[in-house]
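Peer 1: heads up, no residue letters with this:
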């Protein structure tokens, strides 16, 4: 189903010293599904995170923000994360906050740490009460299962409508020391991250100053999760967490602009982008992976506006599904994207290398067979040149198929 | 297919003195389909219109704006409209403008008037050259067909993916005189009018000052076409034209705030709203008609933002299609609608009369059977109370079904 996406073989997922994952089945989701995961972080690690901008943000998101604020210094430090599927604990009011808090307290007892050292995450159906008793009952088994080699197992355990587990690794050399970066993500629908996406966890053993972690999380999200969309629905639970366990034997990175800082960020961004693009490749019902590249704008922000208008248009997305080069729909989306002074006579449209429209009208040399050929591919680049400046931006999305409707009409049943 | 929508019987469509419609088959669309219509307006009529805000607006929209600007006074006056289906003449550059202009010139010769007295309209596929020769060849037959009784026939001739012809009439008494209002519209997909919708024509024989027509068109569009959405795609060709033939025997209306002005506007708004709602009822693949009512906002604009976020969410729309009360998706849409300081703890959600969520969380008395019962209806009201002010706004939309994907994956073939 997923577009050019296979689960990464276990041998290619590198453990990150200082990080262990434990997984169990707690009976939150349907029988036979692992639905409860804990991430255990050794003392001395740094954590940064970004969360959804949805004002209906879930109870666990609210608690994560509180706990991170309390752990700004390293005095206490985040030591564990608790993730359940099958229930989003969003739209649950004060009761939802209590249940999320109760789950943190249960894990804190198990690990003999403070509840504030735990970050909770939930994903699943909105507006259902979280079964925190079942979570508490499942915790001993999850903790007992903890292993550094369980990244792949964790990627499977956090899936909901995902069809492929999303996990990627990379190594980079910093100051002569080998540094590992490994991350996992989940998500297939309700995907239009705003600051981050529904559950992404990225860890490295690099030695990074705690003060850089928030900036690092934001910059990585900006270049990866904040550039993908499936259906334009921003989730209530989006969370992206970046961890540095500080085990690698190089000098501490105190600026992301230093040579080591830049090298680490580039390597982490490569993994974050793989994780984000994997969500689009596994987008609900997706049959095509589409890169929407907008250039020649006055600002990157207006390029992004146009890119998202194209990426969210149901008419554009169904045309890609049908491999039908009904490309005027792309021009219509460019026109309503919200640039008030846009001049249609300076706009060019390319499908891969095929020039479809020139100066706002169909190019004289364009023949439909060329458009058709590109539309049939599983990977397509839409390139729009606005002709009004030098800025550029890129967004990744997928098509809209019968299966998107089927999956979302059936979800829960 | 359409949701509680049948074509109005011919006997219930009242001719408007001073307006005649002529229809023919010019071979622009597929064989056997009437695809060319002319509206002939007697001397002395007033016209106001609003058009799409899409920056990729079609060639005919650009020409309409020019011709209306030239006819601001009554010296010359608009005397005819020319409508073709099967081709939108959008994304066609300078060549498209020439072809639209050539069609106006051909009709002007046929009627012995100036080209500037004609408003052209096109609807269909974007980025294809307009077959203006076939239009010119079809004009004599269209003009010869002109009759005051052809409103129903015109409503059929302007359909594209519509399944039901949209035409409504109403009579109102002004200053002792009986006044007629009749209108037609078309549209089923690429529907999220911004200022007006794809082809709405509304005529009355009321006696209205020309100076009021632009204001009347804008106010009517605001309360009708600008409050509906099918798929969030704003068309390149949206046009809404309001005509007053000034034949009725009452004193001239010189203010919309006068008693007669208010009565006329209310009656015209009722018809405009029927025409706009008919587009949603006939929305591509629609199985349900949904009223999204947002109240308790600080401003009507923020209520509208929330209403459109709900009305555009593919997840909300597929849940309605499935009659699945997965109503947390509505809260998620409220949360990402864009109100930066929204407090989730003051928000209530109703489905018809059923209180689903109270203070941002599932209501203690809510049982899914109640939500399920309402979801199964063909007409549903979603009511969100924001609890932060007195403003309110309403938007009408439909669900998202397999057939939306099918229709838009197949369109053109």
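Peer 2: All right, it came through fine. The shown structure was predicted, so the numbers you read here are calculated from the model rather than taken from an experiment.
Peer 1: quick check: phi and psi on residue A:184?
Peer 2: phi -130, psi 160 (degrees, to the nearest 10).
Peer 1: got the phi and psi for the nearest residue to it once chain neighbours are set aside?
Peer 2: Leaving aside its sequence neighbours, residue A:184 sits nearest to residue A:155 (CB to CB, 6 or more residues apart in numbering or on different chains; 4.1 Å). For every residue, glycine as well, the C-beta is placed using N, CA and C. Dihedral angles of residue A:155 (phi, psi; degrees, to the nearest 10) stand at phi -60, psi -40.
Peer 1: verify the stated contact: residue A:155 with residue A:165.
Peer 2: Yes: with contact defined as CB atoms under 8 Å, residue A:155 counts as touching residue A:165 (3.9 Å).
Peer 1: list the buried ones in stretch A:160-174?
Peer 2: For stretch A:160-174, burial by neighbour count (16 or more other CB atoms under 10 Å in any protein chain shown) applies to A:160, A:161, A:162, A:164, A:165, A:166, A:167, A:168, A:169, A:170, A:172, A:174.
Peer 1: circling back to that earlier point, anything in contact with each of residue A:155 and residue A:165?
Peer 2: Shared contacts of residue A:155 and residue A:165, defined by CB atoms under 8 Å, 6 or more residues apart in numbering or on different chains, comprise A:7, A:184.
Peer 1: what about stretch A:340-356 and chain B, touching?
Peer 2: Yes: looking at stretch A:340-356 against chain B by CB under 8 Å from any CB of the partner chain, the contacts come from A:340, A:342, A:343, A:344, A:345, A:347.
Peer 1: so what's the nearest residue to the first one once chain neighbours are set aside up against?
Peer 2: In space, residue A:340 comes closest to residue B:55 once its chain neighbours are excluded; the distance is 7.8 Å by CB to CB, 6+ apart. Contacts here follow CB under 8 Å, 6+ apart; on that basis residue B:55 touches A:334, A:335, A:336, A:339, A:340, A:342, A:343, A:344.
Peer 1: any idea how far the fifth one lies from residue B:180?
Peer 2: Applying CB to CB, to the nearest Å, the value for residue A:340 to residue B:180 is 39 Å.
Peer 1: before we move on, the earlier item: widest-spaced pair of the contacts of residue B:55?
Peer 2: Taking CB to CB as the measure, the contacts of residue B:55 span a maximum distance of 14.9 Å, between A:336 and A:343.
Peer 1: between these two, who's got more neighbours?
Peer 2: For residue A:336 versus residue A:343, neighbours defined as other CB atoms under 10 Å in any protein chain shown are more numerous around residue A:336 (26 against 13).
Peer 1: so that one makes contact with residue B:232?
Peer 2: No: counting by CB under 8 Å, residue A:336 stays clear of residue B:232, with 9.1 Å between them.
Peer 1: now do the shared contacts for these two.
Peer 2: With CB under 8 Å, 6+ apart as the test, residue A:336 and residue B:232 both reach residue B:192.
Peer 1: low-confidence bits of chain A, can you list those?
Peer 2: The model of chain A has pLDDT under 70 over residues A:1, A:72-75, A:194-198, A:411-413.
Peer 1: is any residue of stretch A:206-225 near chain B?
Peer 2: No: contact of stretch A:206-225 with chain B is not found when judged by CB under 8 Å from any CB; the minimum separation is 15.0 Å.
Peer 1: before we move on, back to that, and the contacts of residue B:55, which of them are in helices?
Peer 2: The helices, defined by DSSP state H, take in A:334, A:335 from the contacts of residue B:55.
Peer 1: please pick the buried ones from the contacts of residue B:55.
Peer 2: Here, 16+ other CB under 10 Å leaves A:334, A:335, A:336, A:339, A:342, A:344 buried among those.
Peer 1: report how many residues lie close to the closest residue to the last one other than its chain neighbours.
Peer 2: Just to be clear, that refers to residue A:344. Spatially, and ignoring its direct neighbours in sequence, residue A:344 is nearest to residue A:360 (3.9 Å; CB to CB, 6+ apart). Neighbours of residue A:360 under the rule other CB under 10 Å: 26.
Peer 1: residues contacting residue A:360?
Peer 2: The contact partners of residue A:360, by CB under 8 Å, 6+ apart, come to A:331, A:344, A:345, A:346, A:347, B:56, B:91, B:93.
Peer 1: what about residue A:383, which helix or strand?
Peer 2: Using DSSP states H and E, residue A:383 maps to strand A:379-385.
Peer 1: does chain B have contacts with the following helix or strand past that strand?
Peer 2: Downstream of strand A:379-385, the next assigned helix or strand under DSSP H and E is strand A:391-398. No: residues of strand A:391-398 are not located near chain B by CB under 8 Å from any CB, the shortest gap being 12.4 Å.
Peer 1: give me the contacts around strand A:391-398.
Peer 2: Under CB under 8 Å, 6+ apart, the answer for strand A:391-398 is A:3, A:227-230, A:276-277, A:280-281, A:283, A:285-304, A:307-308, A:311-312, A:317.
Peer 1: apply 7 Å and report the result again.
Peer 2: A:3, A:227-230, A:277, A:280, A:283, A:286, A:288-295, A:297-300, A:303-304, A:307-308, A:311 (CB atoms under 7 Å, 6 or more residues apart in numbering or on different chains).
Peer 1: tilt between it and strand A:379-385?
Peer 2: Angle of strand A:391-398 versus strand A:379-385, following axes from the mean of the first three to the mean of the last three CA atoms, to 10 degrees, is 150 degrees.
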